[in-house]
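# Predicted model, plus sequence, below.
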Amino acid sequence: MTNRLFFDGIVCPMITPIEEGFSLDRSSTTRLLKHLIAGEIDGVFILGTTGEASSLSLESKQELIRLSAEILGDTQIPLLVGIGDTSFEQSIALCSYAKQYKADAVVALAPYYFDLNEQEILDYFLNLADQCSLPLFLYNYPKSTHFNIPPKVIEALLQHPNIIGCKDSSADSNYLSSITEIAKKNEANFLIGPEEMLSEWVMKGFHGGVNGGSNLFPKLFKAFSEALKQKDLEKINTYHQLVMRISNEIYALEGGAYSYLKGIKAAAASMGLCKNILIPPLQAGGEKFNQTIEKRTGKLLQELNTLL
């Protein structure tokens, strides 16, 4: 299976800039993509959890694919497109649309409505891989699906020539240990979601990260990735501490499962990258929240401008 596409480094799970009325904000999307390009990000992943894909209309998803492909078209930055859906037909259709606009790969959650057994999970992804016209990443995110893709199912799925890897956002160390062993035995891409765990698991065998903070600070995450490749422990520690500050100061200001997304959107708005609008049922922070995020983001930017 040496013909697989290979990704390493940092892939940005891009937020989706939204207008009042919840349509795609084209100008902010263009500005954000150019910000990521300038930050030398290693890949862009649209229509994921951080991109609020489950709340977007089909029209907005297609528009985002077209615009992202257009902006990234003159670069060497890979475009990954989320196709996870409770409708198998819809996932295949979105994959075909991404293929039409020359995306590099697609990413799929397991279906998250029905309680599936291991064989059903295996068969679902095999059928998806058979019919997908682009290379496929598995996406393990039990916070949304309410189950982990079993490691033995992942290992079996990696025998399919069109399945090229797995993005894991479980934040479960025991589970990660299991699939790290699989990563070592298979020519596949394993990418870690929670950036708080990036250094530990890349050093243990993962190939990179899909990290939300790279929306805000792509140069930091690029530098972090390079330090990990070079095994520069001093720089790794410095960048890890900064990433933990981002987590504590921006993601965790309010409790709740999606407080990180509220923080990222508010921080991006304070940087002039997009409007501070989330799609229902999610809600943007209030005035005090936004003021605090703006202050903290500004301080982090000052420090990063000195460091990088």
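Cool, got the structure.
# hey, where'd the strands end up in the stretch 151-300 of the chain?
Assigned by DSSP state E, counting those that start in this stretch, the strands in the stretch 151-300 of the chain fall at 163-168, 189-192, 208-210.
# can you tell me how far residue 47 sits from residue 15?
11 Å (CB to CB, to the nearest Å). The C-beta positions use only the backbone N, C-alpha and C, and glycine is treated the same way.
# Mind checking which of these two has more residues around it?
residue 47 (28 against 25; other CB atoms under 10 Å).
# what's the nearest residue to the more buried one once chain neighbours are set aside in contact with, if anything?
Nearest non-adjacent residue to residue 47, counting by CB to CB, 6 or more residues apart in numbering: residue 82, 3.5 Å away. Counting by CB atoms under 8 Å, 6 or more residues apart in numbering, residue 82 makes contact with 45-48, 51, 53, 106-109, 139.
# for the stretch 151-300 of the chain, what are the low-confidence residue spans?
Along the stretch 151-300 of the chain, no part satisfies pLDDT under 70.
# try 80
255-257 (pLDDT under 80).
# next one: stretch 152-170 to chain centre, how far?
17 Å (CA atoms, centre = their mean, to the nearest Å).
# now for it, what's the gap between its first and last residues?
16 Å (CA to CA, to the nearest Å).
# now the residue nearest to residue 212 when sequence neighbours are not counted: how far from residue 103?
Setting aside the residues directly before and after it, residue 212 is nearest to residue 50 in space (CB to CB, 6+ apart), at 4.9 Å. Residue 50 sits 17 Å away from residue 103, going by CB to CB.
# Compile the strands of the stretch 151-300 of the chain into JSON lines and extend it with columns for mean neighbour count and distance to residue 33.
Shown next, in JSON lines, are the strands of the stretch 151-300 of the chain (neighbours: other CB atoms under 10 Å; distance: least, CB to CB, whole Å):
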{"stretch": "strand 163-168", "mean neighbour count": "26", "distance to residue 33": "20"}
{"stretch": "strand 189-192", "mean neighbour count": "27", "distance to residue 33": "20"}
{"stretch": "strand 208-210", "mean neighbour count": "28", "distance to residue 33": "16"}
